[in-house]
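In: just a sequence and a predicted model for now, questions to come.
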Amino acid sequence: MALGSGGTFEGVSPSDLQPTDLIDIDHLLSDEEKQIRSVAREWVQRRILPEVEDWYEKGEFPARELAKELGELGFFLMQLDTEWTLGLNSVAYGLVELEIEAGDSGLRSFVSVQSALCGHAIHAFGSDEQKAEWLPKMASGEAIACFGLSEPDSGSDPGSMRTSAKKDGDDWILNGTKMWITNGGCSDIAIVWAQTDDGVRGFIVPADSPGFTANDIHKKLSLRASVTSELVMDGVRLPADAMLPEVQGLRGPLSCLNEARYGIVWGVMGAARSCFETALEYSKTREQFDKPIGSFQLTQKKLTDMALELYKGTLLAYHLGRLKDEKGLKPEQVSVGKLNNTREALEIARTSRGILGANGITLEYPIMRHMTNLESVITYEGTEEVHTLVIGEQLTGLKAFT
Amino acid sequence: MNIVVLTKWVPEPEGTPTIGEDGLLVREGADGGLDPGDEYGLEAALQLVEAAGDGEITLLTMGPEIAQAALQRGLAMGAHKGVRITDESLRGADSLVTARVLAAAIKRQPFDLVIGGVESTDGYTGIVPAAIAELLGLPGLTFARELHLSDGTLTIERQTAAGYDVVVAPLPIVITVTAGATEPRYPSLKGVMAAKSKPVETLTLSDLGLSGDDVTPTQTVAEVTDAPPKQGGETVEFDDTTAARIADVLAEAKVI
């Protein structure tokens, strides 16, 4: 057992800095933050890494089983400060996301959707009754939630959504289709955003509602260890108190996305670290022309460039985390982190794959799995293009899209 | 049901420890944590207290400030409180001194059971728990691979080279638990957060009424040398005698 990862003490002296943290970013973390990270890292090592390759190959994800364990460990809704949840600070929360995504982006998506998208939606916009009913069950893992915003014809432009909610007496009737919904087919409830006469509103839709069906999407080449579904609502009747009362308009779902994007800023650095560590180790043991390939200058340049981006991305995540707790984050600040870190993580995954040559394409090593996962992560929660234009608008004061 | 679990901070088992000029392990600034061997005993204690429905688990350790990390981990796993004994004069303490100090600390409070690992992952002497049992005048049941508590009597399966012995003793007693006897639980985030508010008492030798001769080591480290390099081993050619030779080797190693 490796205590450096599993034990609670990770004091670092300059002589034993790890290749993943030559600049001693750990020095910025509190003992408690390091202990929290250790819990996540150790769980991923013992529980996820031995199995995730098989899940990935088979296209399976044991959602129920993992939900219970994640709930017991306190990983669900960990960032929310409520009587049912731990209220971790943003850096501690980010460190957990990083370790979980070092396992697999699908697993991190599972936690993010439950915690940042759905947990945040109910916590920020729900009634006291809705919070009391769902937050404890979601924190314990008894209930799994999904978040329905994207549609087949409505992705980067969520304002164009067609899903509608119409009043029928006191009840609501929902019609429409949501697409690319993580956890869709394994959820107990869906947070569904729909057009009403008063603009976009959010609804808590129990998965057993008549007229509600979730169809899992198969033949994916990314996030294979994750449930991705289409949600179909055909005249789903909901009581008046199914609506989230405290928000109206796209501000609701966009605020949830900001929370989830913040987790991604950290998470993808976990996937990147896993790729970098694998490539580094491989380069020291793989010999060609009678010497380790790590001794070739071209390989050392690749490793150095990857290390630099890993450090910079982690520092950026750390900065945004402290800023989030001290004064809050503006959406464009989250965009800087999401765009930079997903882009660099994907680049690190691709470069690592190159270092491993043919070995890099198998599930024996985590690299190609991370790489194909990151192709989704760079798209979901705001594409590369949208985040680029959000930042561009802040720089120029000129909107590139409306 | 009050249980004292003996715990120790050890350097990272997969790393290379630094030995100082005085022949002692350098702990300051080193990477490490709770001895993995202690987690089996702690898990056994947690299960006994959970089965009993009430009780308190006290982690006991001796060591400098760095040893606090080992306690924190144990508290995060579910122990109720910690006691750390620290004193400059304990640097370089041998097994007997360590046992005297721990025994003196154990005696301060009523207890039913003292649980330790079989041996520490750094020192490997494997005699501290037995010495504590002797100093406390209690039965010492070692190498428990299974344990059952019923009506104030503990029954253990004592691992032996050939199999196991069934050993029974009334509480209070001192036991050691083998690796693999239990499956230590993961600390949870809830555990880490809860551990912050659990009490940890720091004691000095004078708090325990010990001094001078009590803590003067009777053993000192004379010299530290590198282990001899591993020998090449034996290559057995394949012929009619191969199976018999392999069986002999395994029998000599006492694995069959």
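Out: Noted; the coordinates are in hand. Computed from a predicted structure; not experimentally measured.

In: only C-alpha atoms for contact and neighbour calcs from this point on.
Out: Will do.

In: need the nearest residue in space to the residue in the stretch 151-256 of chain B that chain A sits nearest to, chain neighbours excluded.
Out: Nearest residue of the stretch 151-256 of chain B to chain A, counting by CA to the nearest CA: B:S188, 4.2 Å away. On the basis of CA to CA, 6 or more residues apart in numbering or on different chains, the spatially nearest residue to B:S188 that is not a chain neighbour turns out to be A:L73, at 4.2 Å.

In: so who does the residue of chain A most remote from its centre touch?
Out: In terms of distance from the mean C-alpha position of chain A, A:D290 ranks first, at 42.1 Å (CA atoms, centre = their mean). Residues in contact with A:D290 (CA atoms under 8 Å, 6 or more residues apart in numbering or on different chains): none are found.

In: go ahead and flag the most central residue of chain A.
Out: Against the mean C-alpha coordinate of chain A, by CA atoms, centre = their mean, the closest residue is A:S109 at 4.0 Å.

In: distance check, A:L310 against A:L223.
Out: Remark: distance between A:L310 and A:L223 (CA to CA, to the nearest Å) = 22 Å.

In: for those two, indicate the residue with more neighbours.
Out: Counted by other CA atoms under 10 Å in any protein chain shown, A:L310 and A:L223 do not tie: A:L223 has more neighbours, with 27 against 24.

In: correct me if wrong: that one contacts A:Y380.
Out: No - between A:L223 and A:Y380 no contact is recorded; they are 11.5 Å apart, counting by CA atoms under 8 Å.

In: point out where the chain drops to low pLDDT.
Out: The chain I'm using is chain A. Scanning chain A with the threshold set as pLDDT under 70 gives A:1-16.

In: packing partners for the longest helix along it?
Out: Longest helix of chain A, by residue count under DSSP state H: helix A:251-285. In terms of contacts (3 or more CA pairs under 8 Å, 6 or more residues apart in numbering or on different chains; DSSP states H and E), helix A:251-285 is packed against helix A:90-103, helix A:105-112, helix A:120-125, strand A:199-206, strand A:291-292, helix A:297-326, helix A:331-356, helix A:367-377.

In: and the ones you listed: which comes nearest chain B?
Out: Ranking the helices and strands packed on helix A:251-285 by proximity to chain B (CA to the nearest CA) places helix A:90-103 first, at 9.7 Å.

In: what packs against the closest one?
Out: Secondary structure elements in contact with helix A:90-103, counted by 3+ CA pairs under 8 Å, 6+ apart, are helix A:31-43, helix A:105-112, helix A:251-285, helix A:297-326.

In: same for the first one, what does it pack against?
Out: Using 3+ CA pairs under 8 Å, 6+ apart as the contact test, the elements touching helix A:31-43 are helix A:3-6, helix A:90-103, helix B:189-195.

In: that one: what's the following helix or strand?
Out: Using DSSP states H and E, the helix or strand that follows helix A:31-43 in sequence is helix A:49-58.

In: hmm, that next one in reach of chain B?
Out: No - looking at helix A:49-58 against chain B by CA under 8 Å from any CA of the partner chain, there are no contacts, and the closest approach is 15.4 Å.

In: packing partners of that helix?
Out: Here helix A:49-58 is seen to pack against no other helix or strand when contacts are counted using 3+ CA pairs under 8 Å, 6+ apart.

In: tilt between it and helix A:90-103?
Out: Helix A:49-58 runs at 60 degrees relative to helix A:90-103, counting by axes from the mean of the first three to the mean of the last three CA atoms, to 10 degrees.

In: which residues touch helix A:49-58?
Out: Residues outside helix A:49-58 that contact it (CA under 8 Å, 6+ apart): A:61, A:103-104, A:223-225, A:363-364, A:366, A:369.

In: buried ones in that helix?
Out: Under the neighbour-count criterion of 16 or more other CA atoms under 10 Å in any protein chain shown, helix A:49-58 has A:52-53, A:56 buried.

In: what's the answer for stretch A:136-145, then?
Out: A:136-141, A:143-145.

In: tell me which of those fall in strands.
Out: Secondary structure assignment by DSSP state E places A:A145 of the buried residues of stretch A:136-145 in strands.

In: can you flag which of the buried residues of stretch A:136-145 belong to helices?
Out: Reading helices off the buried residues of stretch A:136-145 with DSSP H, I get A:136-140.

In: ok, these vs A:V91, which is closest?
Out: Taking CA to CA as the measure, A:V91 sits nearest to A:A139 out of those, at 19.4 Å.

In: leaving out chain neighbours, which residue sits closest to that closest one?
Out: If the residues on either side of it in the chain are set aside, A:A139 comes closest to A:F76, at 5.0 Å by CA to CA, 6+ apart.

In: quick one, phi psi at the one you found?
Out: When quoted as degrees, to the nearest 10, the phi and psi of A:F76 stand at phi -80, psi 130.

In: B:Q231 now?
Out: On the backbone of B:Q231 - angles per degrees, to the nearest 10 - the values are phi -80, psi 170.

In: look up how far B:L189 lies from the residue of the stretch 1-150 of chain A found nearest chain B.
Out: Closest to chain B within the stretch 1-150 of chain A is A:L73: 4.2 Å, counting by CA to the nearest CA. Distance from A:L73 to B:L189, counting by CA to CA: 6 Å.

In: out of these two, which sits in the more crowded spot?
Out: Set A:L73 next to B:L189 and count neighbours by other CA under 10 Å: B:L189 wins out with 27 against 23.

In: and the helices and strands packed on helix A:251-285 as TSV, adding distance to B:V249?
Out: Converted to TSV, the helices and strands packed on helix A:251-285 look like this (distance: least, CA to CA, whole Å):
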stretch	distance to B:V249
helix A:90-103	41
helix A:105-112	46
helix A:120-125	63
strand A:199-206	64
strand A:291-292	37
helix A:297-326	45
helix A:331-356	40
helix A:367-377	42
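
In: nearest to B:G233, of these?
Out: Between B:G233 and the helices and strands packed on helix A:251-285, the shortest gap by CA to CA is with strand A:291-292, which sits at 27.5 Å.

In: quick one on the thing from earlier: nearest to B:G33, of the helices and strands packed on helix A:251-285?
Out: By CA to CA (comparing all of the helices and strands packed on helix A:251-285), the closest turns out to be helix A:90-103, at 19.4 Å.

In: name the element the residue lying closest to B:T202 once chain neighbours are set aside belongs to?
Out: Once flanking residues are discounted, B:T202 sits nearest to B:R84: 4.8 Å by CA to CA, 6+ apart. B:R84 belongs to strand B:81-85 when assigned by DSSP H and E.

In: give me the angle between the helix or strand just after that strand and strand B:81-85.
Out: Next along the chain after strand B:81-85, taking DSSP H and E as the criterion, comes helix B:95-106. Taking the same axes, to 10 degrees, one finds helix B:95-106 and strand B:81-85 inclined to each other by 140 degrees.

In: who does helix B:95-106 touch, helix- and strand-wise?
Out: If you count contacts as 3+ CA pairs under 8 Å, 6+ apart, helix B:95-106 packs onto strand B:56-62, helix B:128-136.

In: how about the ones you listed, which one is nearest chain A?
Out: If we rank the helices and strands packed on helix B:95-106 by CA to the nearest CA, the stretch that ends up nearest is strand B:56-62, at 15.2 Å.

In: domain-wise, how is chain A divided?
Out: A:25-140, A:145-242, A:251-396 (automatic domain parsing).
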